[in-house]
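S.K.: Pasting the sequence and the predicted model now:
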Amino acid sequence: MYHIGASDAPLWAEKVREMTERIKALGPNPLNVVRQNRSISEPGDKDDSSQAETLS
């Protein structure tokens, strides 16, 4: 987090670019991959039934 005054537009633009590069370097959110895998799996899969058993 940076504290930048309203009159420091060039500094603000530089810091926005820096943060954007950092975020891109981190890569995709691993939670999105897990969510996609869950939505792809079909009902009645082995994983779904084991979860239902643990909830009972």
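M.R.: Arrived safely.

S.K.: could you give the mean pLDDT of the helix or strand containing Leu11?
M.R.: Assessed by DSSP states H and E, Leu11 sits inside helix 9-26. The average pLDDT within helix 9-26 is 94.

S.K.: Repeat that for stretch 39-56.
M.R.: 56.

S.K.: which residues touch the nearest residue to Trp12 once chain neighbours are set aside?
M.R.: The spatial neighbour of Trp12 that comes closest, neighbours along the chain excluded (Cβ to Cβ, 6 or more residues apart in numbering), is Ile4 at 4.9 Å. Where you see a C-beta, it was placed from the backbone N, CA and C, and this is true even at glycine. Residues near Ile4 by Cβ atoms under 8 Å, 6 or more residues apart in numbering: Leu11, Trp12, Lys15.

S.K.: burial measure for the second one, as a count.
M.R.: The local packing count at Trp12 equals 14, with neighbours defined by other Cβ atoms under 10 Å.

S.K.: where's it relative to Ile40, distance?
M.R.: From Trp12 across to Ile40, the span is 41 Å (Cβ to Cβ, to the nearest Å).

S.K.: cool, the first one as well?
M.R.: Computed as Cβ to Cβ, the Leu11 to Ile40 distance reads 44 Å.

S.K.: between these two, which one's more packed in?
M.R.: A count of neighbours by other Cβ under 10 Å puts Leu11 above the other of Leu11 and Ile40, at 12 against 8.
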